[in-house]
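Asks: everything below, folded, please.
(one chain, ligands or ions: 1)
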Amino acid sequence: MGSRANGVGSSSANGPVDKGVDFANYFCTYAFLYHQKEMLCDRVRMDAYYNAIFQNKHHFQGKTVLDVGTGSGILAIWSAQAGARKVYAVEATKMSEHAQNLVKANNLQDIVEVIEGSMEEVVLPEKVDVIISEWMGYFLLRESMFDSVIFARDHWLKPTGVMYPSHARMWVAPIRSGLVDQKKNDYEGAMDDWYGFIEDTKNYYGVEMSVLTKPFSEEQEKYYLQTSLWNNLHPHQVIGTAAIIKEIDCLTATVNDILQVRSTFSSAISMEHTRFCGFGGWFDVHFRGRREDPAQQEIELTTAPSTNNGTHWGQQVFLLHPPTHVDEGSNLNVSFSMDRSKENHRLMEVDFHVKISQPSGMILPPIKKKFYVE
Ligand SMILES: C[S@@+](CC[C@H](N)C(=O)[O-])C[C@H]1O[C@@H](n2cnc3c(N)ncnc32)[C@H](O)[C@@H]1O
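Replies: Numbers count the residues shown, from 1 in each chain. So this is what the prediction gives:
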């Protein structure tokens, strides 16, 4: 199982963010070295940022850089090693102390200035040429950290400045997966256990609890059947064409642009006699520099299903029960929407509306389902 900051129980998307709650539930996990280590061990992620910086040294040599959410300090250190004149490394948690030690241990204390504080509150002495950040959560937007990068860009990037990464995309594709059976069994097992429990409670303790069956069932259904799952999909599990559902230009996107994702797309099933079990969702980001000041080497970081280049982000899997038998030539028409959870602006709610037409021309009853990305 992959892990990013959990963000559970944080603040509202509509009201002001309660900073204390947000810190306790979101930032706190990033204060642990074991968590930073998991990201530092992700070779796909590390290689992409390393290559983006060192194969595009012209963006860093003699330049000022801001690392938004420096964590262990790794991106700030690389920026300095690539020749930056000054690097501001901002980190909200006490991880800043480890970053500071790491900077000193690598003899970069004259270039990298670690600043402990929230990006929204720190004051820098100057504007910067480059903003670098690793802000991507599960399915790209979970964690809503890109808001802080947008804030940093709007306040601290020079008009000629460059964003690292410069672009991001979200992808969705139909999949087959044995998890669809496993999760249904888990749910049914939990309900069987519940029925035994209410019978025992009545027999031994004289209390009738069946009035709670419906809310318990709803709770378990949400947990087992409506919560998206972290999974490392094999490419063979993708059974139809993948669609891009969102494209972000990191230089120009506003918070308003990323509050919601809306997309309608069609996907042609490309596999014979298979089960359509739901959707897989993933993202990629690109390092292209800016139009007037492009990268010498464009780098891509993809979290697509892969046999040997998996990432700690994996993919998010959205299971549709029961699975539908489809064939090569079946076609899916999909409406997708994603919004921030009202209870916690760092979590997401996703809706799929799917119409399936079979190669025979038969159109199946539409499928509609809501999911929680938690
Ligand atoms: C995904 S980690 C990346 C850490 C490091 N840059 C790396 O690439 O290994 C994101 C980091 O950003 C920090 N962070 C998130 N939002 C922030 C904000 N608004 N201000 C300062 N730090 C923030 C988190 O505490 C976390 O350490």
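Asks: can you pull the contacts of the residue in the chain that the ligand sits nearest to?
Replies: Closest residue of the chain to the ligand, Cβ to the nearest ligand atom: residue 69 (2.0 Å). For the C-beta atoms, the positions are set from N, CA and C on the backbone; glycine is no exception. When contacts are counted by Cβ atoms under 8 Å, 6 or more residues apart in numbering, residue 69 touches 30, 90-92, 119, 133-135, 145, 148.
Asks: redo the residues you listed as a markdown table? Include distance to residue 249, neighbour count and secondary structure.
Replies: Listed next are the contacts of residue 69 as a markdown table, based on distance: Cβ to Cβ, whole Å; neighbours: other Cβ atoms under 10 Å; DSSP: H, G, I helix; E, B strand; the rest coil:
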| residue | distance to residue 249 | neighbour count | secondary structure |
| --- | --- | --- | --- |
| 30 | 26 | 19 | helix |
| 90 | 23 | 27 | strand |
| 91 | 26 | 29 | strand |
| 92 | 26 | 25 | coil |
| 119 | 20 | 22 | coil |
| 133 | 15 | 23 | strand |
| 134 | 18 | 23 | coil |
| 135 | 15 | 22 | coil |
| 145 | 17 | 22 | coil |
| 148 | 17 | 20 | helix |
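Asks: filter those by proximity to the ligand?
Replies: 30, 90-92, 119, 134, 145, 148 (Cβ under 6 Å from any ligand atom).
Asks: excluding its backbone neighbours, what's nearest residue 30?
Replies: Among residues not flanking residue 30 along the chain, residue 93 sits closest, at 5.1 Å (Cβ to Cβ, 6 or more residues apart in numbering).
Asks: state the mean pLDDT of stretch 132-143.
Replies: Taken as a whole, stretch 132-143 has an average pLDDT of 97.
Asks: now the helix or strand where residue 67 lies: mean pLDDT?
Replies: Element membership for residue 67, per DSSP states H and E: strand 64-68. For strand 64-68, mean pLDDT rounds to 98.
Asks: using CSV, write out every CA atom in that strand.
Replies: The C-alpha coordinates for strand 64-68 follow below in CSV (Å, rounded to 0.1, in the frame of the first residue of the first chain):
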residue,chain,number,x,y,z
THR,A,64,17.1,32.0,-7.5
VAL,A,65,14.9,29.0,-6.7
LEU,A,66,12.0,28.4,-4.3
ASP,A,67,11.3,24.9,-3.2
VAL,A,68,7.7,24.7,-2.0
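Asks: how about residues contacting that strand?
Replies: So strand 64-68 is contacted by 73, 75-76, 79, 84-90, 119, 124, 126-133, 135, 148-149, 152, 156-157 (Cβ under 8 Å, 6+ apart).
Asks: on that earlier part again, and of the contacts of residue 69, the nearest to residue 260?
Replies: residue 145 (17.1 Å; Cβ to Cβ).
Asks: what sits against the closest one?
Replies: Neighbour list for residue 145: 69, 133, 135-137 [criterion: Cβ under 8 Å, 6+ apart].
Asks: please render those as TSV that adds distance to residue 175 to the earlier fields.
Replies: Output for the contacts of residue 145, formatted as TSV (distance: Cβ to Cβ, whole Å):
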residue	distance to residue 175
69	31
133	30
135	26
136	21
137	21
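Asks: the nearest residue to residue 235 once chain neighbours are set aside: neighbour count?
Replies: Using Cβ to Cβ, 6+ apart and skipping residues adjacent in sequence, the residue nearest residue 235 is residue 305, 4.7 Å away. Neighbour count for residue 305, taken as other Cβ atoms under 10 Å: 23.
Asks: return the distance of the longest strand belonging to the chain from the chain's centre.
Replies: As assigned by DSSP state E, the longest strand anywhere in the chain is strand 274-290. The gap between where strand 274-290 is centred and where its chain is centred comes out at 11 Å by Cα atoms, centre = their mean, to the nearest Å.
Asks: paired strands for it, with orientation please.
Replies: The pairing partners recorded for strand 274-290 under DSSP bridges are strand 167-175 (antiparallel), strand 293-302 (antiparallel), strand 315-326 (antiparallel).
Asks: which of those is buried the deepest?
Replies: Ranked by mean neighbour count, the strands paired with strand 274-290 are led by strand 167-175 with a mean of 23 (mean count of other Cβ atoms under 10 Å).
Asks: mean confidence for it?
Replies: 98.
Asks: what does stretch 80-96 give?
Replies: In this model, stretch 80-96 has a mean pLDDT of 97.
Asks: what's the answer for stretch 218-233, then?
Replies: 97.
Asks: name the residues that touch stretch 36-43?
Replies: So stretch 36-43 is contacted by 2-3, 30, 45-46, 71-72, 74, 95, 98, 134, 311-312 (Cβ under 8 Å, 6+ apart).
Asks: need the strands paired with strand 274-290 in CSV (columns: distance to the ligand).
Replies: Output for those, formatted as CSV (distance: least, Cβ to the nearest ligand atom, whole Å):
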stretch, distance to the ligand
strand 167-175, 14
strand 293-302, 11
strand 315-326, 17
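Asks: any idea which of those strands gets closest to residue 216?
Replies: Nearest to residue 216, of the strands paired with strand 274-290 and by Cβ to Cβ, is strand 315-326 at 18.4 Å.
Asks: that older thread, for the residue nearest to residue 235, give me its contacts.
Replies: Residues near residue 305 by Cβ under 8 Å, 6+ apart: 232-235, 237-238, 280, 282, 315.
Asks: let's see 6 Å
Replies: By Cβ atoms under 6 Å, 6 or more residues apart in numbering, the contact set of residue 305 is 233, 235, 238.
Asks: and stretch 140-153, end to end?
Replies: From its first residue to its last, stretch 140-153 covers 18 Å (Cα to Cα, to the nearest Å).
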